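Undergrad: predicted model follows, preceded by the sequence.
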Amino acid sequence: MATFKMHLLVCGGTGCRASESENLFHNLRTGIIQKGLENDVQVLTTGCFGFCEKGPIVKVLPDNTFYTMVKPEDAGEIIEEHIIKGRKVQRLLYVNPLTSEKVEDSKHMGFYRKQLRIALRNCGFIDPENIDEYIARDGYAALGTCLTEMTPEQVIELMKKSGLRGRGGGGFPTGLKWEITRASKADQKYVVCNADEGDPGAFMDRSILEGDPHSVIEAMAICGYCIEATKGLVYIRAEYPLAIERLKIAIKQAREYGLLGKDILGTGFDFDIELRYGAGAFVCGEETALIHSMEGFRGEPTVKPPFPSVSGYNGKPTNVNNVETFANVPVIINRGAEWFASIGTEKSKGTKVFALAGKINNVGLIEVPMGITLREVIYEIGGGIKEGKKFKAVQTGGPSGGCLTEKHLDTPIDYDNLIAAGSMMGSGGMIVMDEDDCMVSIAKFYLDFTVEESCGKCAPCRIGNKRLNEILEKICKGEGSMEDIALLRNLSNVVKDTSLCGLGQTSPNPVLSTLDNFYDEYLAHVNERKCPSGQCKALLQYWIEPENCVGCTACARNCPVNAIAGERKGVHIIDQATCIKCGACMEKCKFNAVFIK
Amino acid sequence: MEMINLTIDNKKIQVEKGTSLLDAAKTVGINIPTLCYLHLHDLDITNKPAGCRICVVEVKGRRNLAPACVTECTEGMEVNTHNIRVLNARKTVMELILSDHPTDCLVCAKSGNCELQSLAHELGIRKLHYQGEQSHYREDTSPAIIRDVDKCIMCRRCEMMCNDVQTVGVLSAVNRGFMSVVAPAFEMNLDHSVCTYCGQCVAVCPTGALTEVDHTNSVIRALADPSKTVIVQTAPAVRAALGEEFGMEPGTLVTGKLVAALRRLGFDYVFDTDFAADLTIMEEGTELLDRLNRHLSGDKDVKLPILTSCCPGWVNFFEHQFPEMRDIPSTARSPQQMFGSIAKTYFADKLGIKRENMVVVSIMPCLAKKYECARDEFKVDGNPDVDFAVSTRELANLIKQSNIDFNSLDDDDFDRPLGESTGAGVIFGVTGGVIEAATRTAYEVFTGKKLEKVEFQQLRGMEWVRSATVDFDGLPIKIGIAHGLGNARKLLEDVRDGKADFHAIEIMACPGGCIGGGGQPLHHGDSSILKARTAAIYREDESKVIRKSHENPFIIQLYEEFLGKPCSHKSHQLLHTHYFDKSKAVEIE
């Protein structure tokens, strides 16, 4: 990179590619060549920058200019103005939603300022399809150190000291897991990378694999060295074609460089990696279900013990870690356990990647140090609530997490605090809700997901979640009773208490946490037959205010079910029995005569 | 042996390391309820997916309740099996299971014999607090088994039997979440699968999801038809199990009462499948000796080992799974079909009636027999040799429907000529019995010497795969035995790969042989019942005066009057069959 004067980094993540970033890249590159600048300016495809909402993104180095929502046809202007004339293209700069000011470079963007990117260190910075760029950023140095200067025991000790815990949701200490798997004696052991990211809206693993696949490969090899495994398997969703493609390229390059395969770096250590494709079942993120799926069986969990570290893939000791966990490993080896352990809280070290979404200004992928507060994440990184509305809740931990409220905003985020607050870390989903969101509907939304994704093996999860969902539906329709609320709570507790795997043991969390934190909303649905947020269609009614109605007939003409009666220039009336609550009348009324009751 | 100390419901106990909480609790008189769990101790068959969550208990220090069936005892564990948290969870889970289960118990085939029903009663379920949508699936009626999977509770026992024990691989869980259910691939019907109709799925189903096709009404109609001569044959294993349906101890022999009951039901002739078993030995034994002699005289084309062919589940299995080896099994028909064939020819002639006016009913411990008797090759101009195969369970029901107080019946004797049998015929009902019966006859015919001792202990037992050598006067005859189709597969693969060196192999599809058949009274996971039935069969053998098939006077008479000699042209027509390649029979529509 040193010979170029400037670099244009074009995001090649799935999100930006969906908005034509490939064409943008092509236009930039041909433009640069046409201007004869190819020896001075390098155009690169990188992994995800995280700020997906504003994609496609082009970052210019060395000045860190951060262009957002760039179209392929903007390439000429960027080259002409920025590269040749040195003037930033103002219209493509990011605008701070709070101050409406344009931000000149990424260092001054709230979205990045509070982030600490360890797992995502190379995402948006290097070309993921070029192993040399990874190596230039200390890639494979950790593997070299481990193989030539450290015993497996020393590496495990270092991992334990670092305090790294599993990022897939369980939070089990990584070093300890490696130690247990190492202690299991067998002729063959396996390292498995869990890339079955299944939380709706979560894409941290995909981004890492798309943006920095070598970091995972390197870590898997290090793990293999520690546990005495020669085979690695990546269980990845088939719906991640780009991540699969980049992993394949990376594995091929690593083999060519002698960093995978036989006798790695001449140390006699053999390790290679194969891919296994998942069909996208959420439950296959559970490690025993994942292993069964890889073995060709139905993807459903089995009781632990035996743990995979004792009996896993094909009955052999298997170490399963998540993508993000692995991505942390090489840096920890390179920079030391003390450095890593200095970041975060007492029991949760390092950083965590979150997929920040919902009613928030800056939607995207972020990596923050453990111990940061929800308030910092939502208001500083996330740029606050959209349209200046009021914050109501934040749901963490994916579909089985809980909804936290205003009172939790200053809680430092770590594994234990989130559980204590009634939610969990999960794999890092974070969805922000505002005053317009009905919390009963939100709970139902998540139950819809878990009902769909339950494997059906154990009765409480298979039937219990369905019944929870049905009770919620009843309440949303205004047909619930106080007894239903009591049943909801009991059933939630029983499903948590009796389910076989983590899916059922956590799926009632959205119900319990909303019952705890938003009980008033449940009461309003049940006692007053009202949805305070106006989200539950069955509970709202459209009415026409006679004083405002001028009898223009617009509402009646646009009503799809002819529910509105009234003479021209006379007051109109909505027949509530016929009304389907589509809202067309309200939309068409120019006199603010239609209102919701 | 390392010992573990723990406390269950305040009782301090010591158990061996590796003991489950469920078993540990039993030792101190605590019966933790189970539903999906099944353990056939002597056969080493276990189903514990930990899916029903009925057996959950509280373990101090654990966040969630633990399923007792799969949780191992650990040192210092403190367990509570019935505090309010546990009881509430257990009853709530039971209510959930019932909320997705039809409530037509009054007219369900399993009513009164349903583990779900009993458990609901034991747990004191009086109201379903959680009600909602129920899952619905298409009902599937095959020639032998009915799948009413609305009643499936996903205990997975059938799946375990079908895959792990039988290695047939028809049943497995399909769909996700609320719609998940156990079914053949693509939710096809059983008759579009490689199902062998062994019925072991039915034998372990705790609910009415899997039941047999019920022919009792057809039998009642036949008995009521004055134009029909209705004759019945009863398989050996039936007499060792039927008593259980009337509250008798497992292992009670009810041969005499069985005959009396059948006579009261109105059958014109009450005969014994054991007679046909003796006939099978004559044919199969002759075939064995023929192949053996040819082998000894240097014939390289002769197929050895010879495999028994009296088990229809086994026949279906190799037709589907090993069609290339279908020339190895004996061509002898099963005793049920030999009986039907002889009844509708030899015996019908004796009575001077047409075969159309004779109805042959068989009482069988087996569900595959229902399929077998419906096979086209066992019909003459569309008229089947055996009209209806009725299970032991169906017969019990028929007896109850007919107001017969079974327990007070006086013993009665089978009719002749097709009711006379030997001890050799009786032991067809247990694993190893067919080959022992064949050995008794083949030995004497081959050596020309009289057997001093008819019991061959080396051929008996419950081990899945057994081998033994019998000395035929200096010639060691190597015999293999397997019960359970998974073990048959192992043995067959060894034969195919040239790894097995046997002259003859007996295979029974069901664990324990016919006494453990899919049509028998339900054992509900108690394998001691199978052992008791086995012992009863051997007792019946010992009580017989004649214990070798070739000494059965009515068999001798049958050959003299009708068949000529074993494996004669007529025998081949009436008593032998051929097998089909069914490997392509299953197609996805």
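TA: Looks like it arrived, so ask away. Please read these numbers as outputs of a predicted model, since none were measured by experiment.

Undergrad: pLDDT averaged over stretch B:562-569, what's the number?
TA: Model confidence over stretch B:562-569 averages 95 on the pLDDT scale.

Undergrad: same thing with stretch B:251-269?
TA: Per-residue confidence for stretch B:251-269 averages out to 97 on the pLDDT scale.

Undergrad: distance-wise, check the residue nearest the centre of chain A relative to B:Glu2.
TA: Nearest to the geometric centre of chain A sits A:Ala202, at 2.3 Å (C-alpha atoms, centre = their mean). Applying C-beta to C-beta, to the nearest Å, the value for A:Ala202 to B:Glu2 is 45 Å. Quick note: C-beta positions are derived from backbone N, CA and C, even for glycine.

Undergrad: can you tell me how far the residue in the stretch 451-589 of chain B that chain A sits nearest to sits from A:Arg137?
TA: Ranking the residues of the stretch 451-589 of chain B by distance to chain A (C-beta to the nearest C-beta) places B:Gly486 first, at 17.1 Å. Counting by C-beta to C-beta, the gap from B:Gly486 to A:Arg137 is 55 Å.

Undergrad: swap in A:Glu81?
TA: From A:Glu81 over to A:Arg137 the distance is 30 Å, taken as C-beta to C-beta.

Undergrad: three-state assignment of A:Asn23?
TA: In terms of secondary structure, A:Asn23 is helix; the call rests on DSSP: H, G, I helix; E, B strand; the rest coil.

Undergrad: can you pull the contacts of it?
TA: A:Pro72 (C-beta atoms under 8 Å, 6 or more residues apart in numbering or on different chains).

Undergrad: next one: it, what pLDDT does it get?
TA: According to the model, A:Asn23 carries a pLDDT of 95.

Undergrad: ok, it to chain B distance?
TA: When distances are taken as C-beta to the nearest C-beta, to the nearest Å, A:Asn23 and chain B turn out to be 39 Å apart.

Undergrad: which single residue in chain A comes nearest to chain B?
TA: Chain B sits closest to A:Gly456 of chain A, with a gap of 2.7 Å, by C-beta to the nearest C-beta.

Undergrad: isn't that residue right up against B:Phe178?
TA: Yes: using C-beta atoms under 8 Å as the test, A:Gly456 is close enough to B:Phe178 to be in contact (7.0 Å).

Undergrad: so how far is stretch A:143-153 from its chain's centroid?
TA: If you compare the mean C-alpha spot of stretch A:143-153 with that of the full chain, they lie 33 Å apart, counting by C-alpha atoms, centre = their mean, to the nearest Å.

Undergrad: avg pLDDT for it?
TA: Over the span of stretch A:143-153, the pLDDT mean works out to 97.

Undergrad: same thing with stretch B:377-391?
TA: With pLDDT averaged residue by residue, stretch B:377-391 scores 97.

Undergrad: mind checking the end-to-end distance for that stretch?
TA: End-to-end distance for stretch B:377-391: 22 Å, by C-alpha to C-alpha, to the nearest Å.

Undergrad: so B:Leu485 sits against B:Val170, correct?
TA: No: taking C-beta under 8 Å as the contact criterion, B:Leu485 and B:Val170 are not neighbours in contact, 11.3 Å apart.

Undergrad: the more surrounded of the two?
TA: Applying other C-beta atoms under 10 Å in any protein chain shown to B:Leu485 and B:Val170 shows that B:Leu485 carries more neighbours, namely 30 against 23.

Undergrad: for that one, give its distance to B:Asp164.
TA: As defined by C-beta to C-beta, B:Leu485 lies at a distance of 11 Å from B:Asp164.

Undergrad: same check on A:Lys177?
TA: Applying C-beta to C-beta to A:Lys177 and B:Asp164 gives a distance of 30 Å.

Undergrad: ok, those two, which is more surrounded?
TA: Set side by side, A:Lys177 and B:Asp164 show more neighbours around A:Lys177, with 25 against 14, by other C-beta under 10 Å.

Undergrad: so where's the chain shaky on pLDDT?
TA: Let's take chain A. Low-confidence segments of chain A, defined by pLDDT under 70: A:1-2.

Undergrad: oops, chain B please
TA: Ranges of chain B meeting pLDDT under 70: B:586-589.

Undergrad: how is it divided into domains?
TA: Residue ranges for the domains of chain B, per automatic domain parsing: B:3-82, B:98-212, B:216-575.

Undergrad: from the opening residue of the shortest one to its closing one, how far?
TA: Criterion C-alpha to C-alpha; first-to-last residue distance in domain B:3-82 is 25 Å.

Undergrad: that domain near chain A at all?
TA: Yes: for domain B:3-82 and chain A, the contact criterion (C-beta under 8 Å from any C-beta of the partner chain) is met by B:Pro49, B:Ala50, B:Gly51, B:Cys52, B:Arg53, B:Val56, B:Asn64, B:Leu65, B:Pro67, B:Val70, B:Glu72.

Undergrad: of these, buried ones?
TA: B:Pro49, B:Ala50, B:Gly51, B:Cys52, B:Arg53, B:Val56, B:Asn64, B:Leu65, B:Pro67, B:Val70, B:Glu72 (16 or more other C-beta atoms under 10 Å in any protein chain shown).

Undergrad: filter these down to the ones in helices?
TA: Using DSSP state H to define helices, no part of these is located there.

Undergrad: residues from the stretch 451-597 of chain A in reach of chain B?
TA: Listed as neighbours of chain B in the stretch 451-597 of chain A under the rule C-beta under 8 Å from any C-beta: A:451-460, A:462-467, A:470-471, A:487, A:490-491, A:494, A:496-500, A:505.
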